[in-house]
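**Q** Got a predicted model here, sequence first, then my questions.
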Amino acid sequence: MQSTNLIFTDNLRNSLKQWLADYAPTQVYVLCDEHTNALCLPLINNLDSLKSAHFMTIPAGDQHKNVETLSAVWQFLSQNGATRKSVLLNVGGGMVSDLGGFAAASFKRGIDVINLPTTILAAVDASVGGKTGINFNGLKNEIGAFHLPKAVLFYAPFFHSLDRDNILSGFSEMLKHGLLSDEAYLGELMSLDLEEPDNTAFLNAIKRSVEIKADITEKDPQEKGLRKALNLGHTAGHAFEALSHHRNEPVLHGYAIAWGLICELYLASKLLGFPSQTLHQVIQFVKDRYGIFQITCQDYSFLYEAMTHDKKNDTKAINFTLLSNVGTICLNQTADKSLIDEMLDFYRDAMGI
Ligand code: GLY
């Protein structure tokens, strides 16, 4: 089975140099966005092993994860002579690794990729597992491919420099990993200080989350079964995210997932007996750190519609990954409109709105 080399390093230059020396691609192409160009690239761009590399900067932001930017990356690779033996190094958050990963998956039917995630969200989610793609026709990640990176380099100082919102946005995916794995890791996560994180404890948790994600995606790279577990919190979470965009008040992905987890753990308790004590601990944790996403019953039809469009549904019913307990995953659970309304009522009660 193909797998990805996961490299945690506190010496980025040496680790990258070593990896390139071992892997020996004929040519290296480096993709970053305007932020990572300014803030992260200076750490590596004068490496001897990148002396003959080609560099490209794309605009930052999910609105640029589109076919125009993709085409510009194909042009960049083509005009600079990339071959099947070239490697593309993606330096950035999930937008860069999704789009760069798909450019690499499709260029000459596939060239190799290495990811250097610069956010916690990208480290624990997008950079690992090989989901790549772009938005199309107003739909998120509508076009894409599974294309595993050869390696992912995790450089802690990038994560320690993030602001509170970006720490929290990545953290909700870690909370999801805790719920999917075991009580001990969940407890560890819930006792972390997210306001003034202890760098060592936080980095250990990031490592654990990366291992959990890598383990799941190696067992089921193409999301035929187990990988669907990673959708916990995302059916409702994506609907909240869509509503926030519809209101022109976008929230960060990870915030929407934190609120989505509350909804879906409620369904888990109702349908599968997920422990109510843990549900209430998670509610308090999320409320204290992420605050409240305001909804009224007027929003229910928008949210329901958004959930029916989730591409994970393969029938008309809305598909959820749920848990009967921490670490006990139950895939392909479904809920009808009245249960979705009940879930949203519960969310509003839990949030006191
Ligand atoms: N982000 C979920 C997955 O990689 O499957």
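**A** Nice, thanks for sending it over. All of these numbers come straight from a predicted model, not from anything done at the bench.
**Q** how about the residue in the stretch 151-300 of the chain positioned nearest to the ligand, secondary structure?
**A** Nearest residue of the stretch 151-300 of the chain to the ligand: Leu230, at 3.9 Å (Cβ to the nearest ligand atom). Yep, even glycine has a C-beta here, placed from its N, CA and C like the rest. Secondary structure assignment for Leu230 (DSSP: H, G, I helix; E, B strand; the rest coil): helix.
**Q** Just to check, it is in contact with Ile216?
**A** Yes - counting by Cβ atoms under 8 Å, Leu230 does reach Ile216; the two are 6.2 Å apart.
**Q** any common contacting residues for those two?
**A** The contact sets of Leu230 and Ile216 overlap at 129, 180 (Cβ atoms under 8 Å, 6 or more residues apart in numbering).
**Q** before we move on, which element is the closest residue to Ala103 other than its chain neighbours in?
**A** Distances taken as Cβ to Cβ, 6 or more residues apart in numbering place Val73 nearest to Ala103, at 4.0 Å, with adjacent residues excluded. Following DSSP states H and E, one finds Val73 within helix 67-79.
**Q** pLDDT of that helix, averaged?
**A** Mean pLDDT, computed over helix 67-79, is 98.
**Q** other SSEs contacting it?
**A** strand 28-33, strand 54-58, helix 94-106, strand 131-136 (3 or more Cβ pairs under 8 Å, 6 or more residues apart in numbering; DSSP states H and E).
**Q** Quick one: name whatever helix or strand follows it.
**A** Sequence-wise, the next helix or strand downstream of helix 67-79 (DSSP H and E) is strand 87-92.
**Q** Compute the inter-axis angle for that next one and helix 67-79.
**A** 140 degrees (axes from the mean of the first three to the mean of the last three Cα atoms, to 10 degrees).
**Q** Show me how far strand 87-92 is from its chain's centre.
**A** Distance, stretch centre to chain centre, for strand 87-92: 16 Å (Cα atoms, centre = their mean, to the nearest Å).
**Q** Next, the buried residues of the helix holding Val73.
**A** 69-70, 72-73, 76-77 (16 or more other Cβ atoms under 10 Å).
**Q** now swap in stretch 110-118 and tell me
**A** 111-118.
**Q** Next step: those restricted to strands.
**A** 112-117 (DSSP state E).
**Q** quick one: low-confidence ranges for the stretch 201-350 of the chain?
**A** Within the stretch 201-350 of the chain, the stretches with pLDDT under 70 are 311-316.
**Q** show me where it has helices.
**A** Along the stretch 201-350 of the chain, the segments classed as helices by DSSP state H, counting those that start in this stretch run 234-246, 253-272, 276-290, 300-308, 337-351.
**Q** Run through who's touching the helix holding Val73.
**A** 29, 31, 54, 56, 58-59, 86, 88, 99-100, 102-103, 106-107, 111, 134, 136, 143.
**Q** let's see 6 Å
**A** Contacts with helix 67-79, where a contact means Cβ atoms under 6 Å, 6 or more residues apart in numbering, come from 56, 58, 103, 107, 134.
**Q** got it, and stretch 237-247?
**A** Contact partners of stretch 237-247, identified using Cβ under 6 Å, 6+ apart, comprise 250-251, 256-257, 259-260, 293, 302-303, 306-307.
**Q** Look at Asn14 and say how many residues are nearby.
**A** Applying other Cβ atoms under 10 Å, we find 11 other residues in the vicinity of Asn14.
**Q** which bits of the stretch 201-350 of the chain sit near the ligand?
**A** 227, 230 (Cβ under 6 Å from any ligand atom).
**Q** wait, the stretch 1-150 of the chain
**A** Taking Cβ under 6 Å from any ligand atom as the contact definition, the stretch 1-150 of the chain meets the ligand at 125, 129, 131.
**Q** What count of nearby residues applies to the residue nearest to the first one when sequence neighbours are not counted?
**A** Counting by Cβ to Cβ, 6+ apart, Asp125 lies nearest to Glu173, which is 4.8 Å off, once chain neighbours are set aside. By other Cβ under 10 Å, 25 other residues sit near Glu173.
**Q** What of Asn325?
**A** Neighbour count for Asn325, taken as other Cβ under 10 Å: 16.
**Q** And the one 5 residues further on, by the same measure?
**A** Cys330 is flanked by 16 other residues according to other Cβ under 10 Å.
**Q** Enumerate every residue touching the closest residue to it other than its chain neighbours.
**A** Using Cβ to Cβ, 6+ apart and skipping the chain neighbours, the partner closest in space to Cys330 is Leu322 (5.0 Å). By Cβ under 6 Å, 6+ apart, the contact set of Leu322 is 267-268, 272, 330, 333.
**Q** can you name the two of the residues you listed that are farthest apart?
**A** Using Cβ to Cβ, the contacts of Leu322 reach their maximum pairwise distance at Leu267 and Cys330, which is 10.4 Å.
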